[in-house]
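Colleague: could you look at this predicted model? Sequence included:
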Amino acid sequence: MIRTYKYKLYKTKKDKHIHDVINISGIIYNHCIALHKRYYKLYRKHLNKFQLQKHLTKLKGREKYSFWKKVPSQSIQDITVRIDNAYKKFFDYAKGKSKLRVSPPSFKAVRKYKSYTLKGKVGYKLDKNTVSLNGYKYKFWLSRPIDGTIKTVIVKRDSIGDFYICITLEKEDLKYNVATGESVGIDFGLKTFLTLSDKSEIQSPLYHLKNLTKQKRLNRNLSKKKKGSNSRKRAKIQLAKLHIKTANQRRDYFHKLSNDLANKYNNIFIEDLNMKAMQMMWGRKISDLAFSEFVNILEYKANVTKIDRFFPSSKTCSNCGTVKKDLDLKVRVYKCDTCNFEIDRDLNASINIKRVGTSTLAGEVVRATSVA
């Protein structure tokens, strides 16, 4: 089981050295993108990551690029691997091998570049609540014990200049000791965040929507400031802090909700959501609901089983199994034409999700009985 813990570093004058390493990583990233574009323009081929790594090693030996040596070699390798994977996904989409729409990686502003990665046990040293990076020691708040085999350490910078270390650990699989004997199916919705098969509903707090008025005001305030001025920098930090606060509020709510569900139910059944398609259709609303983030948190706290995303949970009658071919999203009450059964659309879907999920655990296959 892989888990990532995030710790905040205390502010110190030595932070400048981390700023430098992340900025140089951004320069190297943009250099790699430029090389990829140039290579493809000349040869109409994808640049191999091993060729790129060999080329970057030679460049570090030149005086012009000697400042690149501040960045650990494994971090540079990680940059080339991420770019290589991104290009492969793009070419798979371009060739029709993948339906997921992907754009090629593009240049990034160095000031917006976020992090660099250290793998294994090289490039850092951890001692209780102290981490050594590039010969400098930094203290962090040890909010939870580091209880596993360290796989990677990511040094991250947020939009207001604070630093974090994200430690990825390999741990033994958790054994869930919940013994309530209860199982539940969950349907995600736009109006109601979660509809459970036991008829309970959970509303989303929609923190982004609540903070939207303040966000608009800060955006207007930022747009009025002169570019390059200190007042603009302060206005930019205020806006960034609001975005961070919104994300933290949402994450805190998700952790509390997932704890409640994990303590109440032995098995939780959900749909395998197509987040990309949902975001393209409903935009900011889906980003504010953040289904994907909630599912990621729930999965490592409870026994979660996902059912096939193509199963027509909303269109299937939970009473007799009849499937409606056409069911408009605006119709919020499901009425079966075969047995005249009426039920809330989302509750109907959650009951079907639980039925299919339970059958999946038992090794059975559930199919619709007929089509209306």
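Modeller: Structure's in. What do you need? What you see is a predicted model; the values in this text were computed from it and never measured. Numbers count the residues shown, from 1 in each chain.

Colleague: give me the low-pLDDT residue ranges for this structure?
Modeller: Along the chain, segments meeting pLDDT under 70 span 173-179, 275-285, 362-372.

Colleague: show me where it has helices.
Modeller: 15-43, 49-60, 73-94, 207-210, 212-224, 230-264, 275-282, 284-289, 291-299, 345-361 (DSSP state H).

Colleague: so which elements touch the fifth one?
Modeller: Helix 212-224 makes packing contacts with helix 230-264 when contacts are defined by 3 or more C-beta pairs under 8 Å, 6 or more residues apart in numbering; DSSP states H and E. C-betas here are computed from N, CA, C, even on glycine.

Colleague: what angle separates the helix it packs on from helix 291-299?
Modeller: With axes from the mean of the first three to the mean of the last three C-alpha atoms, to 10 degrees as the basis, helix 230-264 and helix 291-299 are set at 40 degrees to each other.

Colleague: export the helices of the chain to CSV and tack on mean neighbour count?
Modeller: CSV is the format used below for the helices of the chain (neighbours: other C-beta atoms under 10 Å):
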stretch, mean neighbour count
helix 15-43, 17
helix 49-60, 15
helix 73-94, 17
helix 207-210, 16
helix 212-224, 13
helix 230-264, 15
helix 275-282, 14
helix 284-289, 17
helix 291-299, 17
helix 345-361, 22
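
Colleague: quick one: residue 270 from residue 128, how far?
Modeller: Between residue 270 and residue 128 the distance is 39 Å, computed by C-beta to C-beta, to the nearest Å.

Colleague: compare these two (neighbour count), which wins?
Modeller: It is residue 270, of residue 270 and residue 128, that has more neighbours when counted by other C-beta atoms under 10 Å, with 24 against 9.

Colleague: would you mark the buried spots in stretch 128-136?
Modeller: For stretch 128-136, burial by neighbour count (16 or more other C-beta atoms under 10 Å) applies to 131, 133.

Colleague: picking up where we left off before, I'd like the helices of the chain as JSON lines, with distance to residue 8 appended.
Modeller: Converted to JSON lines, the helices of the chain look like this (distance: least, C-beta to C-beta, whole Å):
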{"stretch": "helix 15-43", "distance to residue 8": "12"}
{"stretch": "helix 49-60", "distance to residue 8": "31"}
{"stretch": "helix 73-94", "distance to residue 8": "21"}
{"stretch": "helix 207-210", "distance to residue 8": "21"}
{"stretch": "helix 212-224", "distance to residue 8": "23"}
{"stretch": "helix 230-264", "distance to residue 8": "12"}
{"stretch": "helix 275-282", "distance to residue 8": "28"}
{"stretch": "helix 284-289", "distance to residue 8": "24"}
{"stretch": "helix 291-299", "distance to residue 8": "19"}
{"stretch": "helix 345-361", "distance to residue 8": "38"}
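
Colleague: wait, which of the ones you listed is closest to residue 115?
Modeller: Among the helices of the chain, the nearest to residue 115 by C-beta to C-beta is helix 15-43 (6.5 Å).

Colleague: what helices and strands are in contact with that closest one?
Modeller: Counting by 3+ C-beta pairs under 8 Å, 6+ apart, helix 15-43 packs on helix 49-60, helix 73-94, strand 115-119, strand 130-133, strand 149-157.

Colleague: if we can go back for a sec, between the helices of the chain, which gets nearest to residue 326?
Modeller: Nearest of the helices of the chain (C-beta to C-beta): helix 345-361, 13.7 Å.

Colleague: packing partners of the closest one?
Modeller: strand 183-188, strand 194-196, strand 267-271, strand 303-307, strand 333-335.

Colleague: now tabulate those in a markdown table and tack on distance to residue 85.
Modeller: Listed next are the helices and strands packed on helix 345-361 as a markdown table, based on distance: least, C-beta to C-beta, whole Å:
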| stretch | distance to residue 85 |
| --- | --- |
| strand 183-188 | 29 |
| strand 194-196 | 33 |
| strand 267-271 | 27 |
| strand 303-307 | 24 |
| strand 333-335 | 42 |
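
Colleague: the ones you listed: which one's closest to residue 288?
Modeller: Across the helices and strands packed on helix 345-361, closest to residue 288 is strand 183-188 (C-beta to C-beta), at 13.1 Å.

Colleague: dump the helices and strands packed on helix 15-43 to JSON lines, plus distance to residue 263.
Modeller: JSON lines is the format used below for the helices and strands packed on helix 15-43 (distance: least, C-beta to C-beta, whole Å):
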{"stretch": "helix 49-60", "distance to residue 263": "45"}
{"stretch": "helix 73-94", "distance to residue 263": "38"}
{"stretch": "strand 115-119", "distance to residue 263": "34"}
{"stretch": "strand 130-133", "distance to residue 263": "34"}
{"stretch": "strand 149-157", "distance to residue 263": "28"}
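
Colleague: which one, of the ones you listed, ends up nearest to residue 259?
Modeller: So among the helices and strands packed on helix 15-43, strand 149-157 is nearest, using C-beta to C-beta, at 25.5 Å.

Colleague: give me the contacts around that closest one.
Modeller: Residues from elsewhere that reach strand 149-157, judged by C-beta atoms under 8 Å, 6 or more residues apart in numbering: 2, 18-19, 21-22, 114-121, 123-124, 126, 131, 133, 163-171.

Colleague: do stretch 301-309 as well
Modeller: With C-beta under 8 Å, 6+ apart, stretch 301-309 has contacts from 176, 178, 258-259, 261-262, 265-274, 295, 298, 313, 353, 356-357, 360-361.

Colleague: ok, and the closest non-adjacent residue to residue 25?
Modeller: Spatially, and ignoring its direct neighbours in sequence, residue 25 is nearest to residue 116 (4.5 Å; C-beta to C-beta, 6 or more residues apart in numbering).
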